[in-house]
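1. Next comes the sequence, and after it the predicted model I'd like to discuss.
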Amino acid sequence: MTYRLAIFDFDGTLADSFPFFLSVFNTIADRHAFRRIDVERAGELRHLGVRQMMDHVGMPAWKLPLASKTFMAMMRDSAHAICLFDGIADALRHLHGQGVLLTVVSSNAEHNVRTVLGPELAALIRRFDCGMSVFGKASRIRAVLKACGVAPADALYIGDQALDAEAARKAGVAFGAVHWGYATIEALRAQACVTEFVTPAELRRIAAAA
């Protein structure tokens, strides 16, 4: 089948922001009084989901919006230095050229997303639904579907974390897992993804997904 609408997560899916995340994590931890991490062992954290990560560093749920706000503010100052994964730009151009509607649903700030994408690629995005939300990503996915006039069966949400898969499931859309993001592909396979993308170039398959 062919998907009419591609809904992309941003951090770890389009943008290679994990190195930046690691570089500021302990500063954020100090500011909001939760445990630091050993950056040298950061690879082990890829096996943890968001909730498990919060437990690992002793962060209560009520601190997450505050910590996220600090992260977004710090990223705003450094967004120009954060890159897209190799192949993402060409894949977005290809999908747009094939008539696939492109959207972004992210807990990051829209300013940061647009800055990293750059003017050319940002212009290809039909809708941005960004920022922290108390209602979660599922509600944002539903809003994108409604705004674009696309049925859930004709949309694919592409992400790199278990929470992305959970949001897609709640919104009734299929989930595509990327191999290059924050979480391991083994963790994402446990979330019943309908397709996997080993490299960014494989995103082209969204225009004619099997």
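-> Here it is on my side, so go on. Residues are numbered from 1 along each chain as shown.

2. Kindly export the lowest-mean-pLDDT helix or strand in the chain (C-alpha atoms) in CSV.
-> Each helix and strand of the chain was given a mean pLDDT (mean pLDDT, DSSP states H and E); the minimum falls on helix 50-57 at a mean of 83. What follows is helix 50-57, C-alpha atoms only, in CSV (Å, rounded to 0.1, in the frame of the first residue of the first chain):
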residue,chain,number,x,y,z
VAL,A,50,11.5,7.3,28.6
ARG,A,51,9.8,6.2,31.8
GLN,A,52,12.6,3.8,32.7
MET,A,53,15.1,6.6,32.0
MET,A,54,13.2,8.8,34.4
ASP,A,55,13.3,6.1,37.1
HIS,A,56,17.0,5.6,36.4
VAL,A,57,17.9,9.2,37.2
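
3. Show me what the helix or strand just after that helix is packed up against.
-> Elements were assigned by DSSP states H and E; along the chain past helix 50-57, the next helix or strand is helix 64-78. Counting contacts by 3 or more C-beta pairs under 8 Å, 6 or more residues apart in numbering; DSSP states H and E, helix 64-78 is packed against helix 18-32, helix 110-122. C-beta here means a position set from N, CA and C on the backbone, and glycine is covered the same way.

4. Please point out which parts of the first one sit buried.
-> The one in question is helix 18-32. Neighbour-count burial for helix 18-32, with 16 or more other C-beta atoms under 10 Å as criterion, is recorded at 18, 20, 21, 25, 28, 29, 32.

5. so which of the residues you listed would you say is closest to residue 80?
-> residue 20 (11.4 Å; C-beta to C-beta).

6. quick one: contacts for the closest one?
-> Contacts for residue 20 were tallied using C-beta atoms under 8 Å, 6 or more residues apart in numbering; they are 75, 78, 81, 82.

7. residue ranges with poor pLDDT in the chain?
-> For the chain, applying pLDDT under 70 flags the ranges 1, 47, 133-135, 209-210.

8. Phi, psi for the residue lying farthest from the centre of it please.
-> Most distant from the centre of the chain: residue 33, at 25.7 Å, with distances by C-alpha atoms, centre = their mean. Main-chain torsions, residue 33, degrees, to the nearest 10: phi 60, psi 50.

9. how far away is it from residue 26?
-> Applying C-beta to C-beta, to the nearest Å, the value for residue 33 to residue 26 is 12 Å.

10. cool, and residue 132?
-> Distance, residue 132 to residue 26, by C-beta to C-beta: 21 Å.

11. Check residue 81 too.
-> Remark: distance between residue 81 and residue 26 (C-beta to C-beta) = 19 Å.

12. my read is residue 103 is in a helix, agree?
-> No - Residue 103: not assigned to a helix; according to DSSP: H, G, I helix; E, B strand; the rest coil it is strand.

13. what residues are up against it?
-> Contacts for residue 103 (C-beta under 8 Å, 6+ apart) come out as 5, 6, 7, 8, 125, 126, 127, 128, 129, 144, 148.

14. now those residues in JSON lines, with secondary structure, neighbour count and distance to residue 115?
-> Shown next, in JSON lines, are those (DSSP: H, G, I helix; E, B strand; the rest coil; neighbours: other C-beta atoms under 10 Å; distance: C-beta to C-beta, whole Å):
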{"residue": "5", "secondary structure": "strand", "neighbour count": "24", "distance to residue 115": "24"}
{"residue": "6", "secondary structure": "strand", "neighbour count": "24", "distance to residue 115": "21"}
{"residue": "7", "secondary structure": "strand", "neighbour count": "31", "distance to residue 115": "20"}
{"residue": "8", "secondary structure": "strand", "neighbour count": "25", "distance to residue 115": "16"}
{"residue": "125", "secondary structure": "strand", "neighbour count": "17", "distance to residue 115": "13"}
{"residue": "126", "secondary structure": "strand", "neighbour count": "15", "distance to residue 115": "19"}
{"residue": "127", "secondary structure": "strand", "neighbour count": "17", "distance to residue 115": "17"}
{"residue": "128", "secondary structure": "strand", "neighbour count": "19", "distance to residue 115": "12"}
{"residue": "129", "secondary structure": "strand", "neighbour count": "19", "distance to residue 115": "17"}
{"residue": "144", "secondary structure": "helix", "neighbour count": "24", "distance to residue 115": "21"}
{"residue": "148", "secondary structure": "helix", "neighbour count": "17", "distance to residue 115": "24"}
